[in-house]
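Enquirer: give me the fold of what follows.
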Amino acid sequence: MRDAVIIGSGPNGLVAANLLADRGWNVLVLEAQPEPGGAVRSDTDVQPGYVHDTFSSFYPLAAVSPALGGLGLEAFGLDWVHAPAVIGHPLPDGDWAILHRDPELTATDLDHDHPGDGDAWLALYERWRAAGTQLTTALLQPFPPLGPGLALLARLRRAGGLGFVRLLLEPASTLAERRFGGERARLLLTGLAAHADIPLAASGSGLMGLLLAMVGHTHGFPVPRGGAGSLTRSLTERLATRGGELRCDSRVDSVLLDRGRAVGVRTADGERIRTRAVIADVPATSLYGDLIAAEDLPARVRAAMAVFDPDPATFKIDWALSGPVPWRTPPVVAPGTVHLADSTDDLALAVAQVAHHRVPARPFLLVGQMAITDPSRAPAGAESLWAYTHLPREIHADEAGVIKGGRLSADDQERFADRVQDRLRRYAPDFDSTVLARRILGPAELEERNEGLPDGALGGGTAGLHQQLIFRPIPGTGRPTTPFRGLYLASSSAHPGGAVHGACGANAARAALTAAALGRLSRSA
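Expert: Okay, the predicted model is just below:
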């Protein structure tokens, strides 16, 4: 019998497996796909000699995560690298808004756009410096974060007390408009807020924008040298040295229950594996209703899943380029991540349209210049580029009048990919001349490659405040425990939610260790 079976080998599952193996547990990780990693994988399928990250690429929260940072993955080949600048946002007039690692340099650029914006930016940075580390640590802990919460309270006065708390609750649009007069600062803040699915006029979006901006200053937006898969390899190699086992092409069909506790799993080929603990790195909707049949769920869980709010679908394109992106006006310092929206109003409109089941005519794009960040991703002088945008999971209308309602057809995907490329051409008119190959990964393709991303949704459920903390994924304690003893939810559907930080897996592993210490996990199960 195993001490723990982990369902899914995404970063959360692998972090949980490593932490348990460190404590001497007999750990087995089961992965349905042919290779591990979940949404942290890379390949060379677009064009020989080019490395593309299939899903995620930049990892700012991994850089600040105690869960990942404490594993010493550098000893297993992980090497973080950075682009010359963190974020860039080209404007229609040819100027660029740039987030540098250096806040002073960022402030100087913002002052050139609108006098006073630099001082306003530095004022935010100083408030963040007073309590940001404690806040980030608290956000990545199980809720309520007792130790980190007390540390945050001790620093809160230096950051402005309740005024700082109010600032964190402001919508991104309000936060940007009240503090900055120029478009560059507003675009940096709202563009970062739009990484999540929270409307820019809603509470929670401001915290997201501010957190990513300030982490960009303190830690940058690093990527693993050689591709996202390098992070996964370091986690799997570390696990192997601790005696953990990983099996790919091993789909779990169900969690085995006995008198209110999880006692094992059954795989698709009929194997029954007994275990003291099951840690599920799968979406909440997959755990509650698929791996555990609906009739076996408590009524309150069924009711919560009926109103569980997913995050939007994702549409991604990868390009192999013969040279760098031919921006109409190249930035003075090259950013790894680029945001594309004509203005803050244009950005807010695109985010709102997706929330209302409408496909934007001018989608907001997140673009990754990977060879600028990590030259090993492409031949010398070339670029490995990607762009992604959010789409409604269920399309009611297309603002451009091209795509019909429902789900994207293959023809729809080609047309929408052309729309995305048109957006790039607006800022890089000769873009098409550099394209050697293009790969489209629509919502269905992303889900096929990783079932943990239904419709390509990246966040495990909306990041809206109504589904955070004690409401994630169902109203309760905000902890990884489930209604079944010995079963823990370790995916981004659990607190603290999406992004690559490993905290969901770490929280689940610690909960299992605590239960074992208290004698709640029986060896005779």
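Enquirer: hang on, I7 packs against A277?
Expert: No: between I7 and A277 there is no contact under Cβ atoms under 8 Å: 11.3 Å. Every residue, glycine included, has its C-beta placed from N, CA and C.
Enquirer: okay, the two: which has more neighbours?
Expert: Using other Cβ atoms under 10 Å, the more surrounded residue of I7 and A277 is A277, with 30 against 26.
Enquirer: after the helix or strand that contains that one, next one along is what?
Expert: Per DSSP states H and E, A277 falls inside strand 272-280. Remark: after strand 272-280, the chain's next helix or strand is helix 284-287, criterion DSSP H and E.
Enquirer: buried stuff in that next one?
Expert: Residues of helix 284-287 classed as buried: 284-287 (neighbour count, 16 or more other Cβ atoms under 10 Å).
Enquirer: what lies in contact with it?
Expert: When contacts are defined by Cβ atoms under 8 Å, 6 or more residues apart in numbering, helix 284-287 is touched by residues 255, 280, 305, 308, 310, 451-452, 454, 460-461, 473-474, 482, 489, 491, 493-494.
Enquirer: one more time with 6 Å, if that's ok
Expert: Contacts to helix 284-287, defined as Cβ atoms under 6 Å, 6 or more residues apart in numbering, come from residues 280, 473, 493.
Enquirer: out of those, which is nearest to Y125?
Expert: Y125 lies nearest to S493 out of the contacts of helix 284-287, by Cβ to Cβ, at 32.5 Å.
Enquirer: could you pull up the mean pLDDT of stretch 171-181?
Expert: What stretch 171-181 shows for mean pLDDT is 96.
Enquirer: and that stretch, how far out from the chain middle?
Expert: Relative to its parent chain, stretch 171-181 has a centroid offset of 24 Å by Cα atoms, centre = their mean, to the nearest Å.
Enquirer: where does pLDDT dip in this protein?
Expert: Per-residue confidence for the chain (pLDDT under 70) gives these ranges: 522-525.
Enquirer: longest single helix anywhere in it?
Expert: helix 117-139 (DSSP state H).
Enquirer: mind listing what's buried in stretch 77-94?
Expert: Neighbour counts over stretch 77-94 (16+ other Cβ under 10 Å) mark 78, 80-91 as buried.
Enquirer: contacts for it?
Expert: Here stretch 77-94 has contacts from 96-100, 187, 191, 216, 220-222, 224-225, 234, 329, 331, 333-339, 342, 372-374, 427, using Cβ under 6 Å, 6+ apart.
Enquirer: if any of these are buried, put those into a ChimeraX selection.
Expert: Filtering those down to the buried ones (16+ other Cβ under 10 Å) takes a single ChimeraX command:
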select :96,97,98,99,100,187,191,216,220,221,222,224,225,234,331,333,334,335,336,337,338,339,342,372,373,374,427
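Enquirer: tell me the SS of G264?
Expert: Classification of G264 using DSSP: H, G, I helix; E, B strand; the rest coil returns strand.
Enquirer: which strand residues bridge it?
Expert: Per DSSP bridges, the residues bridged to G264 are L256, R274.
Enquirer: near it, how many other residues are there?
Expert: If you count neighbours by other Cβ under 10 Å, G264 ends up with 21.
Enquirer: tell me the contacts of S205?
Expert: Here S205 is in contact with 171-172, 193, 198 (criterion: Cβ under 6 Å, 6+ apart).
Enquirer: including secondary structure, neighbour count and distance to Q33, could these go into TSV?
Expert: Formatted as TSV, these follow (DSSP: H, G, I helix; E, B strand; the rest coil; neighbours: other Cβ atoms under 10 Å; distance: Cβ to Cβ, whole Å):
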residue	secondary structure	neighbour count	distance to Q33
P171	coil	22	38
A172	helix	32	35
A193	helix	30	32
I198	coil	26	30
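Enquirer: so for stretch 312-329, what gets flagged as buried?
Expert: So stretch 312-329, judged by 16+ other Cβ under 10 Å, has buried residues 312-321, 324-327.
Enquirer: chain center to it: distance?
Expert: Between the centre of stretch 312-329 and the centre of its chain there are 19 Å (Cα atoms, centre = their mean).
Enquirer: and for stretch 135-155?
Expert: Distance of stretch 135-155 from the chain centroid (Cα atoms, centre = their mean) equals 21 Å.
Enquirer: would you list every one of the strands in the stretch 151-300 of the chain?
Expert: Assigned by DSSP state E, counting those that start in this stretch, the stretch 151-300 of the chain shows strands spanning 223-224, 245-247, 252-258, 261-267, 272-280, 288-289, 292-293.
Enquirer: tell me the most buried of those?
Expert: strand 223-224 (a mean of 26; mean count of other Cβ atoms under 10 Å).
Enquirer: any residues touching that strand, and which ones?
Expert: Outside strand 223-224, the residues within contact range by Cβ under 6 Å, 6+ apart are 58, 78, 230-231, 373-374.
Enquirer: cutoff 10 Å now
Expert: When contacts are defined by Cβ atoms under 10 Å, 6 or more residues apart in numbering, strand 223-224 is touched by residues 40, 42, 53, 56-59, 62, 73, 77-83, 230-234, 336-337, 368, 370, 373-374, 377.
Enquirer: once you drop chain neighbours, what's closest to G49?
Expert: Distances taken as Cβ to Cβ, 6 or more residues apart in numbering place P379 nearest to G49, at 5.1 Å, with adjacent residues excluded.
Enquirer: wait, G406
Expert: Spatial nearest neighbour of G406, excluding adjacent residues (Cβ to Cβ, 6+ apart): I395 at 6.1 Å.
Enquirer: got the phi and psi for the one you found?
Expert: Backbone torsions of I395, given as degrees, to the nearest 10, read phi -90, psi 120.
Enquirer: so it touches F315, yeah?
Expert: No: assessed by Cβ atoms under 10 Å, I395 is found out of contact with F315, at 11.3 Å.
Enquirer: where do the contact lists of these two overlap?
Expert: In terms of Cβ under 10 Å, 6+ apart, I395 and F315 are both contacted by the residues 359, 408.
Enquirer: how does this protein divide into domains?
Expert: Following automatic domain parsing, one finds the domains of the chain at 2-40+228-308+459-517, 103-218, 312-449.
Enquirer: excluding its backbone neighbours, what's nearest A151?
Expert: Per Cβ to Cβ, 6+ apart, closest to A151 is Q134, 4.6 Å.
Enquirer: and for that neighbour, the neighbour number?
Expert: Close neighbours of Q134, defined as other Cβ under 10 Å, add up to 20.
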